[in-house]
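[1] Fold the following for me, if possible:
(one chain, ligands or ions: 1)
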Amino acid sequence: MKYESLDFYRDNTLRYSELSHDFTNSVYTDSSHPGLRDDMDLLRRISELAPGKRGLDAGCGPGGRNVHLLNTWGLNVDGIDAVEENIDLSKELHTEISDKLQVVDIGMELPFDDAAFDFVMCNGVIQHLPPETTENITVPEFVRVLASGGILQLMFKIGSGVVSVLDKAYGSDSVERTFQLYDEHRLVSVLENLGCSVVPSAGENELGGLIYFNDHKPMRYCVFWARKT
Ligand SMILES: C[S@@+](CC[C@H](N)C(=O)[O-])C[C@H]1O[C@@H](n2cnc3c(N)ncnc32)[C@H](O)[C@@H]1O
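    Residues are numbered from 1 along each chain as shown. Purely as a prediction, here's the structure:
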């Protein structure tokens, strides 16, 4: 079955949430940094780097796993997603944080004040946005809602143009999904123009710099952390 962008999540909300909550598809291969093995390493790193507790998970996904986990760690995290079914399921599964979850399109101005957050994380979401929107609206909005010293964690698929790939994790038949790829150096330069700088690599034990890895499909990703100065 072939999917166009967000319809995939509407049709596979529950399955995506199950795979997410048991971390089935959250283990990476061919990581360029020995300290990055899975989604949990990313969650630990953003919580270490954040200068405070207020966070935003932009494109939190079906079931809102990361919003839930970070709140159980004592952080104060909001989750937003463009797909209503994703937010409804997140509220159903994690009633204690239902007032922190809302439907928001990150391709538009965000409904938060300037400097509202100490960190923003956006994992595997800009793959659903045109690059012009990401560069001119989404990333500037992330920076606007970050406090000075705040951290953006941005994870995305790398390359150029749009690709379609088969994902075997959804039933007996593979589903075909389409993604926008990004040039990581261009995104770094967009962030630098907005007054942010990439957190440098600090050896084997501390995640930093530009880190690359594969997911289960497999597709190649980059993740980095940028601090607003
Ligand atoms: C691959 S999932 C990633 C979910 C989550 N960040 C994670 O790491 O598991 C992509 C998510 O981005 C959401 N999304 C796509 N376009 C969006 C947009 N314009 N605004 C907000 N969320 C969006 C989708 O609905 C989906 O839940």
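[2] which one's the longest strand in the protein?
    strand 146-157 (DSSP state E).
[3] How about the protein: which residue is closest to the ligand?
    Using C-beta to the nearest ligand atom, Gly61 is the residue of the chain that sits closest to the ligand, at 2.7 Å. Any C-beta I mention is one placed from the backbone N, CA and C, and that applies to glycine too.
[4] and that residue, how far is that from Lys53?
    21 Å (C-beta to C-beta, to the nearest Å).
[5] quick revisit: report the contact partners of the residue of the chain closest to the ligand.
    Gly61 makes contacts with 9, 16-17, 20, 81, 86, as judged by C-beta atoms under 8 Å, 6 or more residues apart in numbering.
[6] and what of Tyr3?
    Tyr3 neighbours (C-beta under 8 Å, 6+ apart): 11, 175-178.
[7] same question, Val188
    198, 210, 224, 226.
[8] residue contacts, the first one?
    In other words, Val198. So Val198 contacts 188, 191, 208-210, 224-226 (C-beta under 8 Å, 6+ apart).
[9] just to revisit the earlier point, quick one: which of the contacts of Gly61 is nearest Arg45?
    Of all the contacts of Gly61, Ser20 has the smallest distance to Arg45: 18.5 Å, by C-beta to C-beta.
[10] Assign a three-state SS to the closest one, would you?
    helix (DSSP: H, G, I helix; E, B strand; the rest coil).
[11] thought it was touching Val67?
    No. The pair Ser20 / Val67 is not scored as a contact, 11.3 Å apart, by C-beta atoms under 8 Å.
[12] When those two are compared, which one has more neighbours?
    Val67 (26 against 19; other C-beta atoms under 10 Å).
[13] Surely the more buried one is in a helix?
    Yes. Judged by three-state DSSP, Val67 forms part of a helix.
[14] nearest residue to it other than its sequence neighbours?
    Closest residue in space to Val67, ignoring its immediate chain neighbours: Gly79 at 3.6 Å, by C-beta to C-beta, 6 or more residues apart in numbering.
[15] and the residue of the chain closest to the ligand, that's in a strand?
    No. Gly61: not assigned to a strand; according to three-state DSSP it is coil.
[16] so how far is Ile87 from it?
    From Gly61 to Ile87 the distance is 10 Å (C-beta to C-beta).
[17] and what of Phe119?
    Counting by C-beta to C-beta - Phe119 and Ile87 are separated by 20 Å.
[18] so where's this protein shaky on pLDDT?
    4, 172 (pLDDT under 70).
[19] Taking the centroid of it, which residue is nearest it?
    Asn123 (1.4 Å; C-alpha atoms, centre = their mean).
[20] Quick check: bridge partners of that residue?
    Bridge pairing for Asn123 (DSSP bridges) gives the partners Met155.
[21] Give the bridge partners for the residue nearest to Leu146 when sequence neighbours are not counted, please.
    The shortest distance from Leu146 to any non-neighbouring residue, by C-beta to C-beta, 6+ apart, is to Lys228 (4.6 Å). Residues in a beta bridge with Lys228, per DSSP bridges, are Cys196.
[22] Could you count how many residues lie near Lys228?
    If we define neighbours as other C-beta under 10 Å, then Lys228 has 22 of them.
[23] Also Tyr170?
    Neighbour tally, Tyr170, other C-beta under 10 Å: 17.
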